[in-house]
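Q: Below is the sequence, then the predicted model.
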Amino acid sequence: MTQRKFTLDEKDLPTHWYNIQADLREPLPPPIHPATGQPIGPQDLAPLFPMALIEQEVSRERWIAIPEPVREAYRLWRPTPLIRALALEKALGTPARIYYKWEGVSPAGSHKPNTATAQAYYNKQEGVRRLATETGAGQWGSALALAARMFDLECKVYMVRVSYDQKPYRRILMETWGASVVPSPSPDTNAGRAALKADPNSPGSLGLAISEAVEDAASRDDTKYSLGSVLNHVLLHQTVIGQEAKKQLELAGDRADILVGCIGGGSNFSGFTFPFIADKLTGKAKELRVIAVEPMAAPSLTKGTYVYDFGDTAMTTPLLKMHTLGHGFIPAPIHAGGLRYHGMAPSVSALFEAKAIEAVAVHQNATFEAAVTFARTEGFVPAPESAHAIRVVIDEALRCRESGQARTIAFNLSGHGLFDLGAYERYLAGKLEDQEYPAEKVRQALADLPKVAV
Ligand SMILES: Cc1ncc(COP(=O)(O)O)c(C=O)c1O
């Protein structure tokens, strides 16, 4: 009998988060204040984030202890299983061994609660009463709504108007957990009111929703802002995924040759791969290949440039050195809503520059084809975001079939797609379009970037 599922006991839950900043050869370029051109200090971020998270953002400690109340929250769904994709392997006729780390078992259905719970905890500790955030397709908003409920905080979510109208079930999920959800642009903030005045039917954008949530937090003493990806502390919290996966591969008596993750702002990819990349950086796993998969429609690693840029469209955030398509980037309406972001986490960007990781961009139809193959073999219906990883896993496994090499491929299945069936319906009806972001547009957008002399 070939073992299919590798599970850990609750007592095996990691006790610390792994901080890759300790192992980077050079420190990350600092965030820059757009007005002064100087590196920002903790006080600049204090209106938005609790001090514990600001400290984690810049920490170079390798291991950071996970507070017990956060571990208790994690124990509700963690450790998550690592599953051998035996049915997929068989269908592909590949000698490769394929494993997936299944993060869709959290109450919100993705990896996002790994950081949402930690952020809610630290805010509660520092006397914050209320959290404000933005959400595109709704995965992040629902994770924060859940975490706020667990730690007895109020939660206000600015949800991009098109998603609010088109995807009511994520909104209802957030409201079920007690969050207050408004379509963005909303009449509740200056940024929202200005956008509504310019266009009462504005469909909204993630950049605008970020501006509304940041304004909300900055203008109220009892409220802080919460972000679901990109920042160092967010990626840090996700490293429980990779630490568990390492132990589970050991249980399987296997060692990864290739790791794959989809990538939006970088949090699930980093959480899964950073604990393995630690071994690559220290020379213990030199041959390991690590592949980030992004959509052709938002190709920040494969087509973007490594420069300082704003984190949001409205230019309210500090400048981060990252691979970016330009903060004015307007993504095509692909169904992987969580991957439609112009920038990339600074640590992932630095690793890509250092050639420690690879990146591949894939089309929407090829991605859904892989998702349906996965659903018809392994059963789980993947989130459109996660399906990007599956596309590349299948391509690598088919390459193994050609070469006869029995590689071990592991990937992060970051979430389920049970609220994304509208997208599946369109794919099955042959109505999905492929969207590619033209190189010419990247060049134009980059002309508008802020000039930073660092
Ligand atoms: C299921 C799922 N996977 C991946 C992502 C991409 O984000 P990140 O790159 O931060 O993991 C999202 C974002 O919403 C998501 O919902």
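A: That came in fine, so what should we check first?

Q: Could I get the full set of strands for the stretch 151-300 of the chain?
A: 154-160, 180-184, 223-225, 258-262, 289-295 (DSSP state E, counting those that start in this stretch).

Q: and of the ones you listed, who's closest to the ligand?
A: Of all those, strand 258-262 sits nearest to the ligand, with 5.3 Å by Cβ to the nearest ligand atom. (C-beta placed from N, C-alpha, C; glycine too.)

Q: still on that earlier bit, would you point to the one among the strands of the stretch 151-300 of the chain that's packed deepest?
A: strand 258-262 (a mean of 28; mean count of other Cβ atoms under 10 Å).

Q: That strand pairs with which strands, parallel or anti?
A: Partners of strand 258-262 in the sheet, by DSSP bridges, are strand 289-295 (parallel), strand 408-413 (parallel).

Q: got a markdown table for those strands, with mean pLDDT and distance to the ligand too?
A: As requested, the strands paired with strand 258-262 are exported to a markdown table (pLDDT from 0 to 100; distance: least, Cβ to the nearest ligand atom, whole Å):
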| stretch | mean pLDDT | distance to the ligand |
| --- | --- | --- |
| strand 289-295 | 97 | 9 |
| strand 408-413 | 98 | 8 |
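
Q: buried set for stretch 61-81?
A: By neighbour count on 16 or more other Cβ atoms under 10 Å, the buried set for stretch 61-81 is 64, 66, 69-71, 73-74, 78-81.

Q: Tabulate the CA atom coordinates of that stretch in PDB.
A: The C-alpha trace of stretch 61-81 is given here as PDB (Å, rounded to 0.1, in the frame of the first residue of the first chain):
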ATOM      1  CA  GLU A  61      16.200  37.100  14.300                       C
ATOM      2  CA  ARG A  62      16.100  33.700  12.600                       C
ATOM      3  CA  TRP A  63      13.300  32.300  14.800                       C
ATOM      4  CA  ILE A  64      10.400  34.200  16.300                       C
ATOM      5  CA  ALA A  65       8.300  32.500  18.900                       C
ATOM      6  CA  ILE A  66       4.600  32.000  18.000                       C
ATOM      7  CA  PRO A  67       2.500  33.200  21.000                       C
ATOM      8  CA  GLU A  68       0.400  30.400  22.600                       C
ATOM      9  CA  PRO A  69      -3.000  32.000  21.800                       C
ATOM     10  CA  VAL A  70      -2.000  32.000  18.100                       C
ATOM     11  CA  ARG A  71      -0.900  28.400  18.300                       C
ATOM     12  CA  GLU A  72      -4.200  27.600  19.900                       C
ATOM     13  CA  ALA A  73      -6.000  29.300  17.000                       C
ATOM     14  CA  TYR A  74      -3.800  27.400  14.500                       C
ATOM     15  CA  ARG A  75      -4.700  24.100  16.200                       C
ATOM     16  CA  LEU A  76      -8.300  24.400  14.900                       C
ATOM     17  CA  TRP A  77      -7.100  23.400  11.400                       C
ATOM     18  CA  ARG A  78      -3.300  22.900  11.700                       C
ATOM     19  CA  PRO A  79      -1.100  21.000  11.100                       C
ATOM     20  CA  THR A  80      -2.600  20.700   7.600                       C
ATOM     21  CA  PRO A  81      -2.100  17.500   5.600                       C
END
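
Q: Begin at 36, not 1, for the rest of this chat.
A: Taking 36 as the first residue, the last one we looked at is stretch 96-116.

Q: and the stretch 136-285 of the chain, which residues reach the ligand?
A: When proximity is defined as Cβ under 6 Å from any ligand atom, the stretch 136-285 of the chain approaches the ligand at 145, 174-175, 264.

Q: Reformat the strands of the stretch 186-335 of the chain as a markdown table; add distance to residue 340.
A: Shown next, in a markdown table, are these (distance: least, Cβ to Cβ, whole Å):
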| stretch | distance to residue 340 |
| --- | --- |
| strand 189-195 | 26 |
| strand 215-219 | 28 |
| strand 258-260 | 27 |
| strand 293-297 | 21 |
| strand 324-330 | 15 |
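
Q: Point out the one among the ones you listed that comes closest to residue 125.
A: Comparison of the strands of the stretch 186-335 of the chain against residue 125 by Cβ to Cβ identifies strand 293-297 as nearest, at 19.1 Å.

Q: Check the offset of the closest one from the chain's centre.
A: On the basis of Cα atoms, centre = their mean, to the nearest Å, strand 293-297 is displaced by 13 Å from the centre of the chain it belongs to.

Q: Likewise for stretch 91-106?
A: 19 Å.

Q: for stretch 45-61, same thing?
A: 17 Å.

Q: Please identify the buried residues of that stretch?
A: So, applying 16+ other Cβ under 10 Å, buried residues of stretch 45-61: 48-49, 52-56, 58-59.

Q: Tell me the span between the first and last residue of that stretch.
A: Taking Cα to Cα, to the nearest Å, the first and last residues of stretch 45-61 lie 36 Å apart.

Q: contacts for that stretch?
A: Judged by Cβ atoms under 8 Å, 6 or more residues apart in numbering, the contacts made with stretch 45-61 from elsewhere in the structure are 62-63, 91, 94-101, 106, 109-110, 113-114, 267, 270-272, 274-275, 277-279, 282, 305, 309-310, 312-313, 316-317, 382, 385-386, 389.

Q: so how far is residue 238 from residue 219?
A: According to Cβ to Cβ, to the nearest Å, residue 219 and residue 238 sit 10 Å apart.

Q: And for residue 359, nearest residue in space, chain neighbours not counted?
A: Leaving aside its sequence neighbours, residue 359 sits nearest to residue 344 (Cβ to Cβ, 6 or more residues apart in numbering; 4.1 Å).

Q: Return the set of residues that bridge with that neighbour.
A: residue 355.

Q: just to revisit the earlier point, now the common contact residues for residue 219 and residue 238.
A: 195-196.

Q: With residue 187 as the reference, measure out to the residue nearest to residue 334 when sequence neighbours are not counted.
A: Once flanking residues are discounted, residue 334 sits nearest to residue 396: 4.4 Å by Cβ to Cβ, 6+ apart. With distances taken as Cβ to Cβ, residue 396 is found 42 Å from residue 187.

Q: Compare the two (neighbour count), which wins?
A: residue 396 (20 against 10; other Cβ atoms under 10 Å).

Q: Look up how far residue 374 lies from that one.
A: For residue 396, the distance to residue 374 - Cβ to Cβ - is 10 Å.

Q: Great, nothing more from me.
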